[in-house]
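Peer 1: Using only what follows, build the 3D model:
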Amino acid sequence: QVQLVESGGGLVQAGGSLRLSCAASGRTFSSNVMGWFRQAPGKEREFVAGIHWHGGWTYYADSVKGRFTISRDNVKNTVYLQMNSLKPEDTAVYYCAAGRSYGSIKVADFGSWGQGTQVTVSS
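Peer 2: Just a heads-up that it's a prediction; the model follows:
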C-alpha cells in the first residue's frame, strides 16, 4: 500500500496560481502512475492529470490542458500539480492517487488515495 499526503490547497482569485504537492511513502515501487483527480460538490470525481513515475510521460484532461502541469521528483517521492490561470470552475477538492495502469484516467484504476486538499477559486 502507498500512503499519500496532499498539501498546497487554498483560496485564490480567478487568474491566479497554486501548486499542490503529494508526498508518497510506503510501497511506492508498486505504483507505475500517479494522478491528480478533483471532485466538486454534487459531482463525480474526475481525472485532472497523470504522470508515469519512471518515464515521466504526462497526460491531462482537456479542461486543464495548457494551464496545469504535473511533475514528479523521484528522489523525494513527491508529485506536484502546478495550476495557472485558475478559473472558478476549478474549485474542488483535489486528490492525489497512485495506480498501476499506464495512461489510465479511471478512478477504479487507482488503488491508493490521499485525503484531499481544497482549492477554491473566487471570481
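Peer 1: which element follows the helix or strand encompassing residue 93 toward the C-terminus?
Peer 2: Using DSSP states H and E, residue 93 falls within strand 92-99. The helix or strand immediately downstream of strand 92-99 is strand 110-113, counting by DSSP H and E.
Peer 1: Touching that following strand from outside, list them.
Peer 2: Applying Cβ atoms under 8 Å, 6 or more residues apart in numbering, the contact partners of strand 110-113 are 1-4, 31, 33, 35, 37, 95-100, 104. Just so you know, the C-beta spots here come from the backbone N, C-alpha and C atoms, and that holds for glycine as well.
Peer 1: now with 10 Å?
Peer 2: With contacts defined as Cβ atoms under 10 Å, 6 or more residues apart in numbering, strand 110-113 is touched by 1-4, 6, 24, 26-28, 30-31, 33-35, 37, 45, 47, 50, 95-101, 104, 107.
Peer 1: Is it correct that residue 120 is in contact with residue 12?
Peer 2: Yes. The pair residue 120 and residue 12 passes the contact test of Cβ atoms under 10 Å, sitting 7.4 Å apart.
Peer 1: Can you check which residues contact both of these two?
Peer 2: By the contact definition Cβ under 10 Å, 6+ apart, residue 120 and residue 12 are jointly contacted by 18, 86, 90-91.
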